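Peer 1: The sequence isn't on hand, but the structure is:
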C-alpha cells in the first residue's frame, strides 16, 4: 500500500507515563511490521505534553523495552533523524506557530472558562445523560473581549472551533467507511492553560511535519478522527491513511486496561517469557495470516504482514495461548540460546552452573516442562545439591525391593567410569531381568533416589546428566536412608 511516490513512514508515539503496556507493544509491532514490509521508516516519537503524568525514567524504560523486543526504530530521540526533535515537549515553539495560524483563520478560539465552571457543566450533562461536551460559551467572544481578558491575565485554553452541522465521513483500512455526526464532536482543547498542546493538536502537527503516511493506532482514537481531519483541512494538508486496531480484551471480553492484572511488557520479559514468543503472540492479537499459521519469527512476520488482514473484532488476550506459545519456543529454539537466556535465574537462585556441559544437559531436559524461563530453576534444582524426601518417599526407598535395586545399580555402575545413555538403557533391561522387578516397582524407587521424584526424565537421561559418581552417591544415600 504505497502512497504515490512517497516512502511509507509510520510512527509509534507513546507517552512516558510508566511501563510499556502490551497494547502499546501491539501498536509498535504493527507499525514496525508495516514499515518493514513496505521498505519504509518506523519512527519513535515521545508524546510527553501531559507533564503531570510524565514519570522520570519512563522514557529510558520505554526505549529499553523496545530495544529488548528487537523492534528497532529508524528515527527517534535516541537515534536522531531529519524531522526532530522527537520529544514533543521540545517542540513547543513549533506548536505555538501553528496555533497562531488557527487563531488567525478563525478555526480556533481562546476559552477563559475556569475549571469550576467546566466541572459543574460536566456534572449537569451527566445528570441529563448527555455526553460531557463544552457548551461554546467563549466561542463567540468579540476581539475586544478576548484582548481585554488576555490583558487582565485571565488563564485560558485554546479550543478548536469545530462545525456542529453535518457529518464527517472518512475511510479506515480496518473499519472501511466511517461516518461520525459532527454534533457529537467537542470543541477540543488544542493548547492547555500550561501552554502545552493536547495529543490531538500535537499529533496532527507532528504527523504532518514528520511526513507520516499511515496512522496505525488503537481503536479508542477512532472517534477523534473528525477533529484530526478538521485540523488537516484547516492547514491545507493531506491527511494520512487511517488504520485503527481492534481493542484488546480480557478473557471475559472486558477491555484490557492498565489497572487489570499484569499487562506491562517488562513484567513478561522479567518472568522469562521469550521476546520471540511474546511478539509472535501479540502479532496474532487482531491480525491473522492468509494460511492461519500460528508460529512466526519476527523476520517471517515482516514478510507476510498486511494491514488488510487486521480484524475488526476485539482480540482476547488469552494467557493460556501465550503460555502454550512460550513453551513451544522454549522447547524448539537452540538449547544453547535457552541456556544463555536462563542463566540469570540460576544466578538469582545461587546455583553453581560452572559445569557448562552438565548445565546444557539440564536445560535440554528441564525446558520440556516450562513456558517461561523463571520456571526452569524449579525443574533443574534437583540436579544440583542434595535431595530431600518426605516420610512417604522414605518408606518407598526403604522397601526390600528398592534396596535390592540400589545395591545392584551401585555395583553395576562402579564397574566403569563412563557410561553412554544407550549402555544405561541396556543395563536397565538387564537389571529388570536379573532382579525380577518391573514396571512402577522398578522405575519409581530408582527415579526417586536419583531425581527426588517418582516422575520425571528416563533413567539414561538422569544418569547422563548427573554422571556416574553423583549417581552412585545418590543411590548410596538412598540405600543408607532405608536402613
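Peer 2: Arrived safely, thanks for sending. For clarity, every value in this text was computed on a predicted model and none was experimentally measured.

Peer 1: what bits of the protein have low per-residue confidence?
Peer 2: 1-5, 257-262, 482-483 (pLDDT under 70).

Peer 1: Which residue ranges make up each domain of it?
Peer 2: Per automatic domain parsing, the structural domains of the chain span 336-383, 391-481.

Peer 1: For residue 291, which three-state class applies?
Peer 2: At residue 291, secondary structure determined by DSSP: H, G, I helix; E, B strand; the rest coil is coil.

Peer 1: give me phi/psi at it?
Peer 2: Torsion angles at residue 291 (phi, psi; degrees, to the nearest 10) stand at phi -100, psi 10.

Peer 1: From residue 280, how far out is it?
Peer 2: 15 Å (Cβ to Cβ, to the nearest Å). Heads up, the C-betas are built off the backbone N, CA and C, glycines and all.

Peer 1: quick one, which of those two is more surrounded?
Peer 2: Neighbour totals were compared for residue 291 and residue 280, and residue 280 leads with 23 against 6 (other Cβ atoms under 10 Å).

Peer 1: so who does the more buried one touch?
Peer 2: 294-297, 301, 325, 329 (Cβ atoms under 8 Å, 6 or more residues apart in numbering).

Peer 1: What is the subsequent helix or strand relative to the helix or strand containing it?
Peer 2: According to DSSP states H and E, residue 280 maps onto helix 275-283. Counting by DSSP H and E, the next helix or strand C-terminal to helix 275-283 is helix 298-304.

Peer 1: Distance from the chain centre to the helix or strand following that following helix, please.
Peer 2: As assigned by DSSP H and E, the chain's next helix or strand after helix 298-304 is strand 315-316. Chain-centre distance of strand 315-316: 14 Å, with Cα atoms, centre = their mean, to the nearest Å.

Peer 1: Please compute how far the next helix-or-strand element following strand 315-316 lies from its chain's middle.
Peer 2: Counting by DSSP H and E, the next helix or strand C-terminal to strand 315-316 is helix 319-332. A distance of 15 Å separates the centroid of the chain from that of helix 319-332, by Cα atoms, centre = their mean.

Peer 1: and what of stretch 384-401?
Peer 2: Put simply, stretch 384-401 sits 44 Å off its chain's centre (Cα atoms, centre = their mean).

Peer 1: got the buried residues for that stretch?
Peer 2: 384, 387, 389, 393, 396-397 (16 or more other Cβ atoms under 10 Å).

Peer 1: Could you dump the residues you listed into JSON lines with secondary structure added?
Peer 2: Listed next are the buried residues of stretch 384-401 as JSON lines, based on three-state DSSP:
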{"residue": "384", "secondary structure": "coil"}
{"residue": "387", "secondary structure": "coil"}
{"residue": "389", "secondary structure": "coil"}
{"residue": "393", "secondary structure": "helix"}
{"residue": "396", "secondary structure": "helix"}
{"residue": "397", "secondary structure": "helix"}
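
Peer 1: which two of the residues you listed lie the greatest distance from each other?
Peer 2: Using Cβ to Cβ, the pair of the buried residues of stretch 384-401 lying farthest apart is 384 and 396, separated by 23.0 Å.

Peer 1: that older thread, so which of the contacts of residue 280 comes closest to residue 229?
Peer 2: Taking Cβ to Cβ as the measure, residue 229 lies nearest residue 301 of the contacts of residue 280, at 30.9 Å.

Peer 1: Would you mind confirming that the closest one is in contact with residue 30?
Peer 2: No: counting by Cβ atoms under 8 Å, residue 30 is not a contact partner of residue 301; they are 9.9 Å apart.

Peer 1: wait, what's in contact with residue 86?
Peer 2: 43-46, 75-77.

Peer 1: Name the helix or strand for the residue with the largest distance to the centre of the chain, please.
Peer 2: Within the chain, residue 434 marks the point farthest from the mean C-alpha position, 56.5 Å out by Cα atoms, centre = their mean. Using DSSP H and E, residue 434 falls within helix 421-435.

Peer 1: Residues contacting that helix, please?
Peer 2: For helix 421-435, using Cβ under 8 Å, 6+ apart, the contacting residues are 401, 404-405, 408-409, 412, 419, 438, 442, 459-461, 463-464.

Peer 1: Just give the nearest non-adjacent residue to residue 386, would you?
Peer 2: Computed as Cβ to Cβ, 6 or more residues apart in numbering, the closest residue to residue 386 that is not its neighbour in sequence is residue 477, at 7.7 Å.

Peer 1: I misspoke; the intended subject was residue 132.
Peer 2: Nearest non-adjacent residue to residue 132 (Cβ to Cβ, 6+ apart): residue 122, at 4.3 Å.

Peer 1: Please spell out which residues along whichever strand or helix holds that neighbour are buried.
Peer 2: Element membership for residue 122 (DSSP H and E) is helix 115-127. Under the neighbour-count criterion of 16+ other Cβ under 10 Å, helix 115-127 has 118, 121 buried.
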